[in-house]
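J.: I would like to see how this sequence folds:
(chains A and B)
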Amino acid sequence: MAADGASHHLSIQHPFDLFWSLADGPFGDRDLRRPHAQARALTRCFYVGLLSIAFRHLSLWDYYLGLRCIQPLWPVAWTAAVPPRMAAAAVLLLFVLGSLVAACVPDRLLARSLAFVGCLEFFAFLYSFGTIRHVHHLLLLATLLLVLLPSGRGDDDAGKRAYLRAFWGVQCGVLLTYSMSGSLKLLSGLWHLASRGEGVFTPSAFSLHVASSGFRFGVEPLLGGMALRWGALGLPLYLGVIYVELVSIAVAFRPSLHRAWGAVLIALHIAIALTLNLFFLPSILVLGVFLLASPFAPDRLDGRRAARDLPLVGRLLIPDERKPAGQAPTA
Amino acid sequence: MSGGVYRIALPLLLLFYAAGGFLTHTQFLGREIFPLFSWSLYSGAPRVESQYTARLLEVDGRPLTPPVDLMATPGFHRGPDYWLDAGVLDGFGAALEARDRERVAAFRCLVESNILLGDGIRYEIVKRTYDPLARRTTGAFEESILGTFVKERPAGGC
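T.: Sure, this is the predicted structure:
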């Protein structure tokens, strides 16, 4: 991560020193009190958001308790041994209780673990009826990574640094999923183009997705018609999306881009909802808390700095300037 | 977790997650293991799509005229989680096409217990093949019936 006034001396002592030497910039010499306080507040906000998602599912209790035939995934293998209504009630209540406790005392390892277990059990139950959907996978990954936060209030600098590292670890995990998505789009796109002359790098790809989603879900997307009329823009938009997703993991190391990437990825989810009928609501919460409100982002947006930090293309768009005397090098 | 352990645990966990996601990618003949996921979303754009639906022919011995296409029923799509139900129909259709008896039995149980909530229902599973853009403009698709079933036993688990 580019340092804000921190200087690093790279000494490789174990295999992941290089990783952390890039990541540790913001935790170097700067005052950690404010980002630490922000990160703690954001952690609580995340669990409040998780609680609201759990509460939304609780409102559908009649549907879940009416499900009869279950083919349990491994985390809920125990449900085969109890009546379906009891299993549904148990996972719903565990989800609500775990997120409520974590929202109340997010500094406690036990509370965060309970939130993760509640989340895992509920969504494993939800996907034990013949099909696994992926709307909640990001939420689940974030709750898992938050379990790794250090306990305690972080009264000293070492405690604050450890907390911020673990908070950054969640950001890193979230952005990794987008890079995985982008890299598979790139690889599959090239493969399909070379082998069959079709795929995401063809001009009709976006229109095909829009038209298909209307039939697949039986509901016309809100802006489906408009998206098809403007289908010619599909390919450049798709290329933009692949770039944004592919380089996301590099953004974890560039705090100047945290907020912009959070906003762009949220906008991407909104566009997907309007044109493809896929509502990744939990992803909005995760991106909002961990990137849009990132405690590592600079207080004021420096457009030039952000543009220069754009992965792969930033240095081409805005070449390096001479650094003023005394300024530390960036990682 | 102590700082030293975390410095190793986080990169290892992320590496495991990424590797696990790619290795369980279904297009590489992998098998999805919840909660790992490759995050392959919209990475292809096939010109020919398949869709499966259930068409209800009779309820309680009374024929439905015309038969009711479940996927075209507004009530089906406005349920709490129509994605899951549509996914189950997809799985049922794919199992019938693959002539996989075990999966057919499993998906039939899911469809009859959780989706078709009445009794005495005769229905057929239908596959539609189409070019999404052509279907949108002309409505054209090819259709084949993969099987006809009667739900006789009351819903109550498998």
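
J.: CA only for contacts and neighbour counts going forward, please
T.: Fine.

J.: so for the longest helix seen in chain B, mean pLDDT?
T.: The helix of greatest length in chain B, counted in residues with DSSP state H as the criterion, is given as helix B:3-23. Looking at helix B:3-23 alone, the average pLDDT works out to 89.

J.: now do the SS call for residue 68.
T.: By default, I'm working from chain A. Remark: A:Arg68 carries the secondary structure label coil [criterion: DSSP: H, G, I helix; E, B strand; the rest coil].

J.: hmm, no, I was thinking of chain B.
T.: Applying three-state DSSP: B:Val68 is strand.

J.: show me the contact partners of the next helix or strand after the longest helix of chain B.
T.: In the C-terminal direction, the helix or strand that comes right after helix B:3-23 (DSSP states H and E) is strand B:49-59. Contacts made with strand B:49-59 from outside it, assessed by Cα atoms under 8 Å, 6 or more residues apart in numbering or on different chains, are listed as A:212, A:216, B:63-65, B:67-71, B:86, B:89-90, B:93, B:118-132.

J.: gap between the most centrally placed residue in chain A and A:Val96?
T.: With distances taken as Cα atoms, centre = their mean, A:Val174 lies nearest the centre of chain A, 3.2 Å away. Counting by Cα to Cα, to the nearest Å, the separation of A:Val174 from A:Val96 is 23 Å.

J.: the helix or strand bottoming out on mean pLDDT in chain A and chain B in contact?
T.: Each helix and strand of chain A was given a mean pLDDT (mean pLDDT, DSSP states H and E); the minimum falls on helix A:17-23 at a mean of 74. Yes: under the criterion of Cα under 8 Å from any Cα of the partner chain, chain B is reached by helix A:17-23 at A:19-20.

J.: following the least confident helix or strand in chain B by mean pLDDT in sequence, what is the next regular element?
T.: Across the helices and strands of chain B, the lowest-confidence element by mean pLDDT, DSSP H and E is helix B:74-77, at a mean of 77. Sequence order places helix B:82-97 as the next helix or strand after helix B:74-77, per DSSP H and E.

J.: how far away from the center of its chain is the helix or strand following that following helix?
T.: Past helix B:82-97, heading to the C-terminal end, the next element that is a helix or strand (DSSP H and E) is helix B:101-110. Counting by Cα atoms, centre = their mean, to the nearest Å, helix B:101-110 is centred 12 Å from the centre of its parent chain.

J.: next, the buried residues of helix B:101-110.
T.: Residues of helix B:101-110 classed as buried: B:103-104, B:106-110 (neighbour count, 16 or more other Cα atoms under 10 Å in any protein chain shown).

J.: quick one: the strand or helix carrying the residue nearest to the centre of chain A near chain B?
T.: Assigned by DSSP H and E, A:Val174 belongs to helix A:157-196. Yes: using Cα under 8 Å from any Cα, we find that helix A:157-196 touches chain B at A:162, A:166, A:169, A:173, A:176-178, A:180-181, A:184-186, A:188-189, A:192.

J.: on that earlier part again, surely the residue nearest to the centre of chain A touches A:Ala142?
T.: Yes: with contacts counted by Cα atoms under 8 Å, A:Val174 reaches A:Ala142, the gap being 7.0 Å.

J.: which neighbours do the two share?
T.: Common neighbours of A:Val174 and A:Ala142, using Cα under 8 Å, 6+ apart, are A:Val286.
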